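Colleague: Build me a model:
(chains A, B and C)
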Amino acid sequence: MSWMRPLGRVLIPIVGAMAFAILLLLLAGANPFEALGLLVEGSVGSAANLSDTLTAWVTMVLAAAGLVVTFRAGLWNIGVEGQVIAGSIAAAFAARTIEGPVAVMIILTMLAGLIGGGLWGLLAGTLRVYGKVNEIFGGLGLTFVATSLTTYLIIGPWKKAGVASTGGTDPFPRDSWLPTIGTLRVSIVAVIVAALAVVAVYFMMRGTRFGLRLKAVGQNLRSAVLFGIPNKRYLLLAFIIGGALAGLAGTIRVTGFHHKLVPTPSGAHGYLGILIVLLAGFQAKWIAPIAFFFAAIAVGASQLPLQMEVDSSLGGILRGVLVLFVLLFGGWQARRAGARLVADAAPPVVPATPGGEG
Amino acid sequence: MRKQSGVSMILIVLLAFTLLAAACGEDTSETTAAPATTTTASSAEPLKFGMILVGPQNDRGWSQAHFEAGQYLEEQLGAEMIVLDKVNSADLPDKTVDQVAQDMINRGAQLVFLTSDDMRDGALLAAELNPTVPMIWSSGDSAWAEGEAPAPFDNLGNIMGRMEFGKMIAGCAAGLTTQTGSIAYLGPLINDETRRLVNSAFLGASYCWENYRGETTPLEFTVNWIGFWFNIPGFTLDPTQVANGFLDAGADVIISGIDTTEALDVAGQAADAGESVWALPYDFDGACELKPEICLGVPYFNWGPAYLEVAQSVIDGTFTATWQWNGPDWTDLNNKETTAIGFVKGDGLSADNASTLDQFIAGLADGSINPLVGPLNYQDGSTYLADGETATDQQIWYTKQLLEGVTGPSE
Amino acid sequence: MSLELRDIHKHFGPVRANDGINLTVEAGTMHGLLGENGAGKSTLMKVLSGFHAPDSGEIILDGKHIRASSPQDAIGHGIGMLHQDPLVFLPFSVIDNFLLQSPGGLRLDRRSARREFEEVCERFQFSLDPSASTRSLTVGERQQLEIARLLWLGARVLILDEPTTGISAPQRVKLFATLRALAEEGMSVIFVSHKLEEVEELCQRVTVMRQGKVVGHAEMPTPASQLVEMMFGAPVEVEAAQPIELGDPLLRVKDLSVEERLLSIEALSLDVRGGEVIGLAGLGGSGQNTFMRAVAGLVSPAGGEITLDGKQIAGLPYRDLLDVGIQYLPAGRLEEGLVQGLSITEHFVLSDPDTPFFVDWDAAAEHAARAVTANFIKGRADSNAEELSGGNMQRLLLAMLRPGLRLLMMEHPTRGLDIESANWVWSQLLSRREDGTAIIFASVDLDELLRYSNRILVFFSGRVISEVNASDTDVEELGFLIGGKVREQQ
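Modeller: Numbering: from 1, shown residues only, chains lettered A, B, ... in the order given. Okay, here's the model as predicted:
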């Protein structure tokens, strides 16, 4: 069964991590089943909780969708975090300077985020393609720049009148907020945008010449050149698309969640996107469920200290353990499959499944 | 049934007690009559209330003071606290303040305390979305009709202590103790409140420096801001470094304005290395315990009485959203049942200075000493208070600049 | 110390790098190991020195079977190998490099080591400063350091892999003197090279390898012609390529110069006519591939002109040259040519310049299935490239060539292929000539060069040292030319 292997690849580390988490909870003297129950209840147990989980899911999914594109092009776009932040900044700029009805503001802020994130991606790409700066280091550097820029804007030009606090800017005008229903915090617009992005990336990778050529560039740059593929252009395009989707995630973080620019607008969702894509084996179709799992942990974990004497950082530990298990299991699988599948250009750890689609 | 009636009995006794306490403490709070909100707590079940803290609940500072006020409510009312600490965008990236409030309400909280200036936007949003749930945004001004930014929610009240007195006392202790004539203030972020408190500390320090010690050279008073209420690595300045910088620049007393205890830690290390330095932490009555021998004292908030009053009003169904700015109980600064702010002297304060400080406090209490009387100028030379003018609440609350004589940025 | 290798086998995947090697080296002799690039010499030496474990076979040292599973083991047995690029740690000082791998626990006795190092240096008149940084040493000095280290570690069999590449003439003289001195002390020296002169100068006995096998042993002196024959195979009757009417001048290369890190090409000129086949001969890395890459726009020339049908094409990227009818197939089929992880269908889609933006995968799969059948590729349309054998990879690459090419360039068109595949490849290539396609190919197979080329250019160190008509020469002459021995032949 062709779906068994990828499913196993996803489930085995999750189950392993869960077992480990239960052990941890036992060691901490907490009732693990109560804790896990709270996690579930806190993430999907009510409309409000589900809505919070979906809010986190949207930005994780967008960042991860963008990363599918860059990973397919063989790029370790660690700078995705900075691209999310750049998108947040750009969207905040639009929200603060432009006035208009809600529909117009949705479009303008998202456009701004796409441009901001895309530009940040292009910067990393330019460093990589023309400056020979490895995208990991370039990306980390640019993330640092984006973070510093955020802090600067918040305590500098965009500060609240008479206040110099890194707490955040003034809230945007209401017209720039993504519309929500009732007391639920999730925006239907955001969910639709995220779903569309995943579907678009899936079809782009699977059904288009662009996606195929990108895959060729990612798997083997030298061969790609011989197929007449303008590899620099494709690498840059991958960075732009990946960055733009990350920027869109950043937009939704500020217009649909924080409603202002805060020093950490991304909430590390860019980095989480990397883990999600690793778990997903670089395939778009697995992003949505895995991101949901991550979002559920992130949101559900905040319920633990509300009900039990457990620190909310347990959610972070659970996430870390999960990733560790994925890497271990991925490495073990790659070993079993033999070194022949490990190509230089392909991102290591979890080998791309042969014949895989986006 | 028997059990329930037992609970009711206790509640009635408590109610009577708190009504009494409220009557006694009447003078300190400005209560305006407003129609009660619709929420009524069933007298059969204990009150459930939410407590949202910006920092760790054991920070020996701002957040712990609130947390212990919550525990005080649990003791006094048999109420149940739902608490979440470290609610800020760096530590809790996937929940906003309003979502946390919503979670608590969904878990049955009938009253929510949002205990940081930083939670303004979340408090307003949560109040708007849950118009029937009473909430308190501590240190805020949203319910002050005469304030600069009143918000139209009759379920969101504010509570704040008149810490300017605490800071004057702290400043005095510093002014009495300093040997170098140089005092430093470790500031958090810059806003009306923090400028107010820096100025108060400066006024207290200058008063005691000049009047009790008879010094004629002006006191050096420097403030540096880290950017937030506590250290968030990468986003704020590191308070440890800032405090070390103060000592390197010649200051020998550090007054802390931040939520956490770095000023005392740094001064303690310097003292261990043989230097004559002191510090005054902030917010929490137990803050000196870390390094008592160099602690001159700590001005702290005692949120318990005001929170108890609010909680009782929710139980009674008489909650009204008011803006309270509660003063100290001058008869006993450290009476946990009555005072809103207090000051605990530290072991670092000499006996002589301690008695001088008591003199100062007595002066503040009877009104014979009021440093907030003109002439006072802002840093840029503009008039803050004209000659003989006594500051109004608005002038104190909305402090727009640091005072002339204070070194450091006003915004 | 005498050394015997018995029936050594070593496979890398389908490649039989060593296929039943027998070799005996007498104590106190210098033994040459000759062979073309890829003949299996280096693999054999790596087996001997513990870098590779043999699949089967025995190593007997002074009558004792030994098993070296690491270089450490090997040197423990007294076998030391000096690599083409001496394996020194550049950030370390000379003495630290000397001490690396030293036996005996964690404690380093620097002082006595330094004394011993100085003794070794004195013995062979190496002038190495122990505290100098290794980075400042020339390749020759690094070799000296490495030799000193191996001797200190107790090497009794010294293997040198192409030791004269990259060192100066005086250093070479010194190296040879050292080796002779060592042999006189009873040490066995194995000297791996493809340079005839050096082997003639140095060795008492020579073993020649070809395609993973030993083709013969010879006591020196042996005439060079005989060694060439052993290296490249017996002269076979060359069937002349079917003569074909050459077309108009097509490609014109004038004064082309290319500068690469290890090699530069200077002032190379060549005219090629439609339908012409040009063979590029020479030892590996003599400039044949660099030349083709420059013409293909994959490396940018430092100077000169390249015109195709009179149009200047120098400096254009490969993807533009594809559109004017130039295509290039490098030797590394899976490394450079095919894409691992992509199916045959996906390869055909990639290679088709007319693929629409939205790919019709059903049609593409059908097309690929037809091409697989038509080109006798053993595989399915959904097979991934890496699942194919070398021959089928080459078939796939040829099947993906664009129609109506003006110029086709190939590296080693038949390397590693069986006879049947090789013949099929050439039938495909030659049929292209009929459309006026010119072909330039590089090969180390002299028969192939002679059989299919109109003209052969012989490369040596980035220069074309000779251009011959294939019909006017034979394997022997070509072999000499490749070895850089053009003058002696005259």
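
Colleague: where does the stretch 1-150 of chain A dip in pLDDT?
Modeller: For the stretch 1-150 of chain A, residues meeting the criterion pLDDT under 70 lie at A:1-6, A:9-10.

Colleague: repeat for chain B
Modeller: B:1-44.

Colleague: at 80 instead, please
Modeller: Within chain B, the stretches with pLDDT under 80 are B:1-45.

Colleague: any idea where the helices of it begin and end?
Modeller: B:2-24, B:62-77, B:97-106, B:120-129, B:163-177, B:192-211, B:239-248, B:262-272, B:304-316, B:351-366, B:393-397 (DSSP state H).

Colleague: Indicate which one of the ones you listed is closest to chain C.
Modeller: helix B:239-248 (34.7 Å; Cβ to the nearest Cβ). Quick note: C-beta positions are derived from backbone N, CA and C, even for glycine.

Colleague: Please state the offset of the closest one from the chain centre?
Modeller: Here helix B:239-248 shows a centroid-to-chain-centroid distance of 23 Å under the convention Cα atoms, centre = their mean, to the nearest Å.

Colleague: Give me the contact list for that helix.
Modeller: B:184, B:186, B:222, B:224, B:226, B:230-231, B:254, B:258, B:260, B:262-263, B:265-267, B:270, B:275, B:277 (Cβ atoms under 8 Å, 6 or more residues apart in numbering or on different chains).

Colleague: ranking the helices of chain B by burial, who's on top?
Modeller: helix B:163-177 (a mean of 29; mean count of other Cβ atoms under 10 Å in any protein chain shown).

Colleague: Next, the angle from that one to helix B:351-366.
Modeller: 150 degrees (axes from the mean of the first three to the mean of the last three Cα atoms, to 10 degrees).

Colleague: Tell me how many other residues surround the residue of chain B found nearest chain C.
Modeller: Distances between chain B and chain C by Cβ to the nearest Cβ are smallest at B:Gly234, namely 33.2 Å. Here the count is done by other Cβ atoms under 10 Å in any protein chain shown, and B:Gly234 has 14 residues near it.

Colleague: try C:Arg115
Modeller: Applying other Cβ under 10 Å, I find that C:Arg115 has 11 neighbouring residues.

Colleague: Now name the helix or strand holding it.
Modeller: helix C:110-124 (DSSP states H and E).

Colleague: A:Val61 now?
Modeller: Following DSSP H and E, one finds A:Val61 within helix A:47-72.

Colleague: quick one: that helix near chain B?
Modeller: Yes: Helix A:47-72 is in contact with chain B by Cβ under 8 Å from any Cβ of the partner chain, via A:48-49, A:52, A:56.

Colleague: elements contacting the helix or strand that comes right after the helix holding C:Arg115?
Modeller: Counting by DSSP H and E, the element after helix C:110-124 in chain order, helix or strand, is helix C:139-152. Under the contact definition 3 or more Cβ pairs under 8 Å, 6 or more residues apart in numbering or on different chains; DSSP states H and E, helix C:139-152 sits against strand C:79-82, helix C:94-99, helix C:110-124, strand C:157-161, helix C:169-184.

Colleague: Next, format the ones you listed as a markdown table and append mean pLDDT.
Modeller: Below are these laid out as a markdown table (pLDDT from 0 to 100):
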| stretch | mean pLDDT |
| --- | --- |
| strand C:79-82 | 88 |
| helix C:94-99 | 79 |
| helix C:110-124 | 81 |
| strand C:157-161 | 89 |
| helix C:169-184 | 84 |
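
Colleague: out of these, nearest to B:Val54?
Modeller: B:Val54 lies closest, by Cβ to Cβ, to one member of the helices and strands packed on helix C:139-152: helix C:94-99, at 55.1 Å.

Colleague: in terms of contact count, name the helices or strands touching that closest one.
Modeller: On a contact count with 3+ Cβ pairs under 8 Å, 6+ apart, helix C:94-99 meets helix C:110-124, helix C:139-152.

Colleague: Can you tell me what sits against it?
Modeller: C:88-89, C:108, C:110, C:113-114, C:117, C:128-134, C:137, C:145, C:148-149, C:152.

Colleague: before we move on, back to that, mind putting the helices and strands packed on helix C:139-152 into TSV with distance to C:Arg319?
Modeller: Putting those into TSV (distance: least, Cβ to Cβ, whole Å) gives the following:
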stretch	distance to C:Arg319
strand C:79-82	44
helix C:94-99	46
helix C:110-124	55
strand C:157-161	39
helix C:169-184	44
